Structures are given as structure tokens and as C-alpha cells.
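In: Predicted model follows, preceded by the sequence.
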Amino acid sequence: MKNFIIWAILLGAVGYGGSKLYLHNEVSDAMDMVVLSMAPWAKLEYEGVRSTLTGELTVEGVRLKVNGYSDTLTIDRMGIDTPSFLSLLDLSDLTSKGPQAMPDYIGFLIEGMRVPVDADYFDDFYEMTRAMREPGSKSNVATECTGTYGFSPATLQALGYRDQVMSMTMALRDERTQYSVEMDVSMEDMWDMDVDIAFDGNMMAEFARGMTYQPRLRDMHIEFTDRSLNNRVSRHCQSQGLSEVEALQAQIDSFRFIGRSNGIEFDQYIIDPYKEFLLGKSTLVVTARPTNPIAFSQIDLYKASDVPALLNLAAVAR
């Protein structure tokens, strides 16, 4: 019996080691193809591939340098998370097994994506995203110090940041009558955001519809935690000549702009808790629980001022 157990352990170890080697070779080959395909416009390097028995597979030590820029974007690690190592092996056969290879749960992760505020590519990236947020808009003291159209490199430095360090995990879960998206995002020394969104239907069946797919929202829960940004912004706005009251209003106006950009005119049931959040409460919780699942395309048919009621939108600061 003792020898049987020893041999079982050895065979299991050999099987796991062989599977792990196969998986790492598959991923390394895929990464090498990505490196080659990006070569005309960027240099991509990575230190290695790592996997665990719990179903996590990551590419470690990623460095990206875009042609024409001298500074490098770095990521500590990025990859996927699944229920088990066997799920990872199934995913490697996705082309042959099709949807059956997809587990009920799959997560994506990025840890330690670091962008120096003074990186030469960051200024161009900011200008591009700013134009996408509000084409043709003109900045003033209030919009600049609150980052209404995104924080510029100069504003981030004035706020006391040398780097933007972001980590994110996103998970898709498929259940009987709904599927959900869970996302955790952290910006170091700025804020954390936890998002849980439930959609109606079956995930694989919905995605198979391609361009005709219309997500139907069932439930949304967003928890936003301040890690020092609110106070930094308030102090910076005041240093730029705004009074304390004007700085607070500028932050609220910036929040309203986010709503309008997404077709929502926030009412006082949202604004009042947000004001409490700005004045010292560390966490803002926003929920949406429509009476019936609603397609995002339907939301566009309503006036922005009617959307909070349509979504049964609520907020609380704590």
C-alpha cells in the first residue's frame, strides 16, 4: 500500500510537470508570435511564464517600448485565472473543443502596470483620450484641477504623483439564468473600485450572437473607495485660486460630467451622497436595480434626467 501511494504521487507529479511544460510552451510560442507581430511598431519583452495548480496562468515582467518613444511601459504580471489547472489545459484546446472548453468562471488580471507621469508617451496618450472624452472642449482651472477630461501629466505631478500604478482583475461567471462581470481596479494612492454587474441570459449563447448581442442589465453594484485623491484634488484646486466652496463644486461638476458622458443626469439622490464622499467619507456605493432586465440600447431612448429612475439608481456614502 505504501509503495502504491508513493508511485501514485510520482506519477501525478510527472503528469503535472509534463502538462505544465506543455502549457508553458504553448503560451511562450503564442507570446513569441505576439512579439514578432508587434516588432514593426513596438518592442515587447517578458521574463517568463508561470502557472499554478489553482488555475492561474501569468506572463511575468512585461516591458513595452513603442517606436518613437524612449520611455518604457512595465507590467509586473498579466494573465488569466480559471477554476483549476485542468481548466487551463482545456483552454489550450479552445480551437478544437470550441465553447465546451470555456469554464464557468474565467478571470483576467493585470498587476503593477506602471506609467511614469513624466513618460514621453503619456502626454500624447492624455491628449488622445481627452479628445475622445470631449472633442473640442476648452479647459479651465476647474476642469484641469479636477481631471474632468482626465488628469494631465502636469496635474498629476502637482497632485504629488510620480507614477500611475494600476492593478486590475476582471472575472466572468456563467450561471443558469444570468452571467456576471466582477471587476476590481486599484490606482495606487488614488482610489479602489469594485464593480459587480449581473446580466440576463447565458454568457456563451449571448456572445455567440455577435454584433446582434444586446446586454440586458439585471443588477449593478459599484463600490468606490478614496485612497487620498479627493483631498489632493481639493487642495490643488485651492492652490490654483479656487475657494474651498468653488473647489467642492468643481469636483461635483466633474462627477456630473461623467454621468452626462454616459447618458445619465444624476439627481440629488446621487449628488448628495457624492458630496458626503468628497467631504470625508471614504467610500461611495452606487447601485442600479431596474424592475426588469433592460438592454443598454433601450437606455439611449430615454432622456438623461429619466435614466436614474429607469435604472432605479441609488447611492450611499459611508
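Out: Thanks, I have the structure now. Numbering: from 1, shown residues only.

In: mind showing which ranges of the stretch 201-318 of the chain have poor pLDDT?
Out: For the stretch 201-318 of the chain, residues meeting the criterion pLDDT under 70 lie at 203-211.

In: What segments of it are helices?
Out: Here the stretch 201-318 of the chain has its helices, by DSSP state H, counting those that start in this stretch, at 203-207, 229-239, 244-261, 268-278, 296-299, 307-311.

In: Include distance to Ser152 when you put those into JSON lines, please.
Out: C-betas here are computed from N, CA, C, even on glycine. As requested, these are exported to JSON lines (distance: least, Cβ to Cβ, whole Å):
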{"stretch": "helix 203-207", "distance to Ser152": "37"}
{"stretch": "helix 229-239", "distance to Ser152": "12"}
{"stretch": "helix 244-261", "distance to Ser152": "14"}
{"stretch": "helix 268-278", "distance to Ser152": "21"}
{"stretch": "helix 296-299", "distance to Ser152": "30"}
{"stretch": "helix 307-311", "distance to Ser152": "30"}
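
In: closest one to Ser186 among the ones you listed?
Out: helix 229-239 (12.1 Å; Cβ to Cβ).

In: name the helices or strands packed onto that closest one?
Out: helix 141-146, helix 153-158, helix 244-261, helix 268-278 (3 or more Cβ pairs under 8 Å, 6 or more residues apart in numbering; DSSP states H and E).

In: Out of the ones you listed, the one nearest Val307 is which?
Out: helix 244-261 (8.7 Å).

In: if we can go back for a sec, most tightly packed of the helices and strands packed on helix 229-239?
Out: Most buried of those by mean neighbour count (mean count of other Cβ atoms under 10 Å) is helix 141-146; its value is a mean of 20.

In: chain center to that helix, what's the gap?
Out: The chain centre lies 24 Å from the centre of helix 141-146; the measure is Cα atoms, centre = their mean, to the nearest Å.

In: Just the CA atoms of it, as CSV, please.
Out: Below are the C-alpha coordinates for helix 141-146, written out as CSV (Å, rounded to 0.1, in the frame of the first residue of the first chain):
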residue,chain,number,x,y,z
VAL,A,141,-8.8,75.9,-13.8
ALA,A,142,-11.8,73.8,-12.5
THR,A,143,-11.7,71.2,-15.3
GLU,A,144,-7.9,70.9,-15.1
CYS,A,145,-7.5,70.5,-11.3
THR,A,146,-10.4,68.0,-11.0
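
In: Determine the set of other helices and strands touching it.
Out: Right, helix 141-146 is packed against helix 229-239, helix 244-261 by 3+ Cβ pairs under 8 Å, 6+ apart.

In: Distance to Lys275 added to the ones you listed, as a markdown table?
Out: Shown next, in a markdown table, are the helices and strands packed on helix 141-146 (distance: least, Cβ to Cβ, whole Å):
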| stretch | distance to Lys275 |
| --- | --- |
| helix 229-239 | 11 |
| helix 244-261 | 6 |
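
In: For His221, find the nearest of those.
Out: Here helix 244-261 is closest among the helices and strands packed on helix 141-146 (Cβ to Cβ), at 17.4 Å.

In: report the angle between the axes of that closest one and helix 268-278?
Out: Between helix 244-261 and helix 268-278, the angle comes out at 130 degrees (axes from the mean of the first three to the mean of the last three Cα atoms, to 10 degrees).

In: Tell me which other helices or strands helix 244-261 touches.
Out: Packing partners of helix 244-261 (3+ Cβ pairs under 8 Å, 6+ apart): helix 141-146, helix 229-239, helix 268-278.

In: Redo those helices as JSON lines? Include distance to Pro40.
Out: Converted to JSON lines, the helices and strands packed on helix 244-261 look like this (distance: least, Cβ to Cβ, whole Å):
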{"stretch": "helix 141-146", "distance to Pro40": "36"}
{"stretch": "helix 229-239", "distance to Pro40": "38"}
{"stretch": "helix 268-278", "distance to Pro40": "46"}
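
In: out of those helices, which comes closest to Thr212?
Out: That would be helix 268-278 among the helices and strands packed on helix 244-261, by Cβ to Cβ, at 32.3 Å.

In: Gly68 is nearest to which of the helices and strands packed on helix 244-261?
Out: It is, among those and with distance given as Cβ to Cβ, helix 141-146, at 26.9 Å.

In: Looking at the helices and strands packed on helix 141-146, spot the one closest to Pro308.
Out: Closest approach to Pro308 among those is made by helix 244-261 (8.9 Å; Cβ to Cβ).

In: so which of the helices and strands packed on helix 244-261 comes closest to Thr82?
Out: Going by Cβ to Cβ, the one of the helices and strands packed on helix 244-261 nearest Thr82 is helix 229-239, 33.4 Å.

In: For that closest one, C-alpha coordinates in CSV please.
Out: The C-alpha coordinates for helix 229-239 follow below in CSV (Å, rounded to 0.1, in the frame of the first residue of the first chain):
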residue,chain,number,x,y,z
LEU,A,229,-7.3,61.5,-4.3
ASN,A,230,-10.2,63.6,-3.1
ASN,A,231,-8.2,65.6,-0.6
ARG,A,232,-5.3,66.0,-3.0
VAL,A,233,-7.7,67.4,-5.7
SER,A,234,-9.4,69.8,-3.2
ARG,A,235,-6.0,71.2,-2.0
HIS,A,236,-4.7,71.5,-5.6
CYS,A,237,-7.8,73.3,-6.8
GLN,A,238,-7.5,75.8,-3.9
SER,A,239,-3.8,76.3,-4.7
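
In: Alright, calling it a day.
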